[in-house]
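**Student:** Provided below for reference: sequence and predicted model.
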Amino acid sequence: MTSLEANIAFYDTHYDILRQWFLRPGDKVVLGDKQNRVCRFCSRKSPEVTFRKVAHAIPEALGNKSIESAYECDDCNEGFGRGIENDLGNWSKPTRTFARIRGKSGVPTLKKGGDGKGWRIEHGAAGFSITSYEDDPLYQIDEVNRRITFQLKRDPYTPVAVLKAFMKIGLTLLPDEEIGNFPHLMSWVRSTDHIRRFADQCPVIRSFQPGPMPNDLIAAFLLRRKSHVTNYPYMFLVLGYGNEVFQVQLPSEQHDLTLNGQPISILPFPTPDSPDPARYGPTRVQVLDLTGREVVKGEVIPVQVGYDLAVHKTGSNTTSKD
Ligand SMILES: [Zn+2]
C-alpha cells in the first residue's frame, strides 16, 4: 500500500466528510440566512449589531472571494480582522506571495521593510520581479538543481493567534447543528487574551505540494469522526490553497474528553501529489506547533523555488523573473 492509499484508507475507516467546498473565482456561496441574522460568535442580532460588511468565511488574504457567511456581525468581523486574522496574514504571507495568491490588493509584495533600499519581491503582469543587493543577499542559487532558496522574514505574529484564526475558519464553516458541540472553542477563539490555555495539544499538519499549483482554487473540508470511533479527534478542518494544505483539529471538550492526555497518532488527510513529482518532488508533510503565546518577531524562513528562472546580474542589483 502506498502512503497515499494508507491515508485514504485511514479516513475511509474513521471519518466522514461532513462538508466540502472547491471554490473557484466566480463561485458564490453564502452560509446562513441573510433574512434572519444572528451573529454566531457573539449571539447578538440587529439592531444591537449591524451586518453591513461582507464576512468572508475564509479570509480574503488567502485568496477567497467566493464564500461568505451571514452570521458574523460587523463588530466581530472587525475584531477578528484586527486580531487573529492579521496574525494569520503575517504568518502565511511569504508562501502566499510565491503561490501568487491574490488578496484584497493583489499578490502581496514582500519587502525588507523600513526606509531606504532593501530587497523586494513583487508579482506583476510579467511574473515575479526580484530585487536584492550583494551586500544584503536575499537568496542562494543552486545552479545544478535550478533552485533558489529565499531567506524571507515574516512580519510579527503570535503562533497561538494563527492557530485561533484557522479554528475560527472551522467554526465559521461548521453547520448550525454542530455549533453546540464547541462552546469552549468558541469562547477561546474570541478571546484576545492569548495566555488563556486551551487546545494545547492541537498540532497543525501542513502538506506542501511543490511545483506550479493553481493560485485561484481553495479547497475546504470538515471531517467528522464516525459514530463508532472514539479514539481519534472529533472534528478536523482541512484547508488548501496554493501549494499548501493545512489540517487543524477543532477541539470539542464534550466529544474529545476520552482523548485527554492520550497520545494520538493520525495520518494526514490525503492530498494529491504535485503535478510532476519527478521534477518538483513529492508532497512534503510536517507537523507545526502553533501553541506559542509570545509574539514572534524577525523570524526568517527559507522558501525554495524551483522554476526555470532566468537570472540577470546587473552590477549590485540582481533581478530575476519567471
Ligand atoms: Zn458578533
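**Tutor:** Everything's here; your move.
**Student:** Which strand residues bridge the residue nearest the centre of the chain?
**Tutor:** The central residue of the chain, meaning the one whose C-alpha is nearest the mean C-alpha position (C-alpha atoms, centre = their mean), is Phe246 at 6.1 Å. On the basis of DSSP bridges, Phe246 is bridged to Arg206, Leu239.
**Student:** and Arg24, how many residues sit next to it?
**Tutor:** Counted with other C-beta atoms under 10 Å, the burial measure for Arg24 works out to 11 neighbours. (C-beta placed from N, C-alpha, C; glycine too.)
**Student:** Quick one, grab the pLDDT at it.
**Tutor:** Looking at Arg24, its pLDDT reads 93.
**Student:** which one is it nearest to, not counting chain neighbours?
**Tutor:** In space, and not counting its chain neighbours, Arg24 is closest to Leu217: 5.8 Å by C-beta to C-beta, 6 or more residues apart in numbering.
**Student:** wait, what's in contact with that neighbour?
**Tutor:** Applying C-beta atoms under 8 Å, 6 or more residues apart in numbering to Leu217 gives the contacts Phe22, Leu23, Arg24, Tyr241.
**Student:** For Lys28, give its distance to the ion.
**Tutor:** Distance from Lys28 to the ion, counting by C-beta to the ion, to the nearest Å: 23 Å.
**Student:** going forward, begin numbering at 797 instead of 1
**Tutor:** Okay, using 797 as the starting number, the last item reads as Lys824.
**Student:** Pull up the gap between the residue nearest to that residue when sequence neighbours are not counted and Leu884, please.
**Tutor:** Nearest in space to Lys824, with sequence neighbours left out and distances taken as C-beta to C-beta, 6+ apart, is Ser862 at 6.2 Å. Per C-beta to C-beta, to the nearest Å, Ser862 is found 18 Å from Leu884.
**Student:** higher neighbour count, those two?
**Tutor:** When Ser862 and Leu884 are compared on other C-beta under 10 Å, the one with more neighbours turns out to be Leu884, at 24 against 20.
**Student:** Close to the ion: what parts of the chain are there?
**Tutor:** By the criterion of C-beta under 5 Å from the ion, the positions of the chain lying close to the ion are Cys835, Phe837, Cys838, Cys869, Cys872.
**Student:** Need phi/psi at Lys900.
**Tutor:** phi -60, psi -40 (degrees, to the nearest 10).
**Student:** So it versus the ion, what's the distance?
**Tutor:** Per C-beta to the ion, Lys900 is found 21 Å from the ion.
**Student:** contacting residues for the residue nearest to the centre of the chain?
**Tutor:** Phe962, Val1000, Ile1001, Arg1002, Leu1033, Val1034, Leu1035, Gly1036.
**Student:** Kindly report the same for Ala857.
**Tutor:** Contacts for Ala857 were tallied using C-beta under 8 Å, 6+ apart; they are Glu881, Leu884, Gly885, Ser888, Arg892, Ile897, Gly899, Lys900, Pro904.
**Student:** Tell me how far whatever residue of the stretch 897-1046 of the chain ends up closest to the ion lies from Lys960.
**Tutor:** When you check the stretch 897-1046 of the chain against the ion by C-beta to the ion, the closest residue turns out to be Arg986, at 8.7 Å. For Arg986, the distance to Lys960 equals 9 Å [C-beta to C-beta].
**Student:** any weak-confidence spans in this protein?
**Tutor:** Counting by pLDDT under 70, the chain shows low-confidence ranges at 909-913, 1102-1118.
**Student:** now the helices for it?
**Tutor:** Taking DSSP state H as the criterion, the chain contains helices spanning 799-810, 870-878, 880-894, 955-969, 972-975, 979-986, 1073-1076.
**Student:** Relative to Thr1054, which of these is closest?
**Tutor:** Closest to Thr1054 of the helices of the chain, according to C-beta to C-beta: helix 799-810, at 14.3 Å.
**Student:** how about that closest one: buried residues?
**Tutor:** Within helix 799-810, the residues scored as buried using 16 or more other C-beta atoms under 10 Å are Asn803, Phe806, Tyr807, His810.
**Student:** could you list every residue that touches the second one?
**Tutor:** Neighbouring residues of Phe806 by C-beta under 8 Å, 6+ apart: Ile1062, Leu1063.
**Student:** Check the first one too.
**Tutor:** Asn803 makes contacts with Leu1063, Pro1064, Phe1065, Pro1066, as judged by C-beta under 8 Å, 6+ apart.
**Student:** Separate out the buried members of the residues you listed.
**Tutor:** Using 16+ other C-beta under 10 Å as the burial test, the contacts of Asn803 include Pro1064, Phe1065, Pro1066 as buried.
**Student:** In space, what's closest to the second one - neighbours in sequence excluded?
**Tutor:** If you skip the residues right next to it in sequence, Phe1065 has Val1034 as its closest partner in space, 4.8 Å away by C-beta to C-beta, 6+ apart.
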